[in-house]
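A.B. asks: Pasting the sequence and the predicted coordinates here, then a few questions.
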Amino acid sequence: MMSVTSIARNKVLPFLRKSTKMQSTASLSSLVKLEEKQGYAVVSMQKTPVNSLSLEMIQALSQSLIELEKNKCKGIILTSACPGIFSAGLDIREMYQPTDDRLNQFWSSLQTLWLQLYGSKMATVALINGHAPAGGCLLAMCCDSRIMLNGKSKIGLNETKLGIVAPSWFKDTFVNTIGVRQSERALQLGSLFSPEEALKIGLVDKLVPDMETATAVAEAELKEFLQIPGMARYLSKMKIREAAIKDLSETREADLNQFVNFAKTDAVQKGLGLYLQSLAKKN
Ligand SMILES: CCCCCC/C=C\CC(=O)SCCNC(=O)CCNC(=O)[C@H](O)C(C)(C)COP(=O)(O)OP(=O)(O)OC[C@H]1O[C@@H](n2cnc3c(N)ncnc32)[C@H](O)[C@@H]1OP(=O)(O)O
């Protein structure tokens, strides 16, 4: 059974009570923590050291969303328990010298997670408390609002710097967030933005100076979304997102084949190998 989530046991979410039995049958993992707040949940990624999105991490996030929606949770704050890092993006080791089966599962699970989060009926706020490159930026962009901790962290779609190409649905999410011209430039350059720069181009909505303020601002932001009648809010969100969601829903298989074929090319494998080495050398 796929790994799910760890729940703060001292505060069982009312909207999760029904499913606690189900969680005990599933093998719980410590990759994602769910915490009850007043009327919503905080979803904390806690895959140390950098919340890289491995197959298991993607599935744990996916399963968390399924359970939260099933239990009528109205809103979430998506954040990280890893100091200084929101998420380092896709786990590069999943794409480097992979087995076919695992690579297929990996990408297909990522498609599912994107469809769930980008199309979620819940109100979603990303509290970006650290670096958010590539897949990390994608997760944040899937949310309805982004609050970023000011400081040295960077956010953006830096795929080209690794010699890889962000797929169409990453691009669509980017365009829907920051517009065509900014996306065209930033995608080609693989730009990573400082919080101030990200605010300027609309990649994030608010900056906060410290974590205490961040939590309060993210809560206030979520409450503002939750005050709007849910159906009207959701359908309005879909007016912007439905074309991209429909597009991937209808082309999942082709997108998967394209990814698998591209990932397995010698050029990509060489690039990913070098990038992994450069990360390792840093330490
Ligand atoms: C292939 C076909 C097309 C596919 C299209 C795919 C679309 C999206 C792709 C992605 O999301 S690719 C991932 C892009 N991510 C990055 O470029 C970030 C890389 N990481 C960093 O820049 C830094 O790690 C950081 C996030 C800024 C954090 O820096 P810090 O100094 O705090 O930590 P490190 O020492 O660098 O890292 C610790 C440890 O984690 C490993 N690691 C970091 N990022 C990843 C990752 N994305 N995947 C796997 N592993 C990662 C890093 O190697 C270190 O490992 P050890 O040396 O401790 O073993």
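C.D. replies: That came in fine, so what should we check first? Numbers count the residues shown, from 1 in each chain.

A.B. asks: thought A198 was touching M148?
C.D. replies: Yes. Contact status for A198 versus M148: in contact at 6.3 Å, counting by C-beta atoms under 8 Å. Yep, even glycine has a C-beta here, placed from its N, CA and C like the rest.

A.B. asks: which neighbours do the two share?
C.D. replies: Residues touching both A198 and M148 (C-beta atoms under 8 Å, 6 or more residues apart in numbering): I155, V204.

A.B. asks: Would you mind naming what in the stretch 151-283 of the chain lies close to the ligand?
C.D. replies: Contact residues (C-beta under 6 Å from any ligand atom) of the stretch 151-283 of the chain with the ligand: 158-159, 162, 164-167, 259, 262-263, 268, 279-280, 282-283.

A.B. asks: tell me which element A267 is part of?
C.D. replies: Assessed by DSSP states H and E, A267 sits inside helix 266-282.

A.B. asks: Who are the packing partners of that helix?
C.D. replies: Counting contacts by 3 or more C-beta pairs under 8 Å, 6 or more residues apart in numbering; DSSP states H and E, helix 266-282 is packed against helix 92-95.

A.B. asks: For stretch 172-191, measure first residue to last.
C.D. replies: Distance between the boundary residues of stretch 172-191 (C-alpha to C-alpha, to the nearest Å) amounts to 16 Å.

A.B. asks: list the buried ones in it?
C.D. replies: Residues of stretch 172-191 classed as buried by neighbour count (16 or more other C-beta atoms under 10 Å): 172-178, 182-183, 186-187, 190-191.

A.B. asks: Then stretch 213-222?
C.D. replies: Neighbour counts over stretch 213-222 (16+ other C-beta under 10 Å) mark A214, T215, V217, A218, E219, E221, L222 as buried.

A.B. asks: can you map out the strands along the stretch 51-200 of the chain?
C.D. replies: Remark: strands assigned in the stretch 51-200 of the chain by DSSP state E, counting those that start in this stretch are 75-80, 84-85, 123-128, 130-133, 145-149, 155-156.

A.B. asks: L235 - how many residues pack around it?
C.D. replies: Number of residues near L235 (other C-beta atoms under 10 Å) recorded here: 12.

A.B. asks: who touches it in this structure?
C.D. replies: L235 neighbours (C-beta under 8 Å, 6+ apart): none.

A.B. asks: Which strand or helix spans it?
C.D. replies: Taking DSSP H and E as the criterion, L235 maps to helix 230-263.

A.B. asks: Show me what counts as buried in that helix.
C.D. replies: For helix 230-263, by 16+ other C-beta under 10 Å, it's 233-234, 237, 241, 244-245, 248, 252, 255-256, 259-260, 263.
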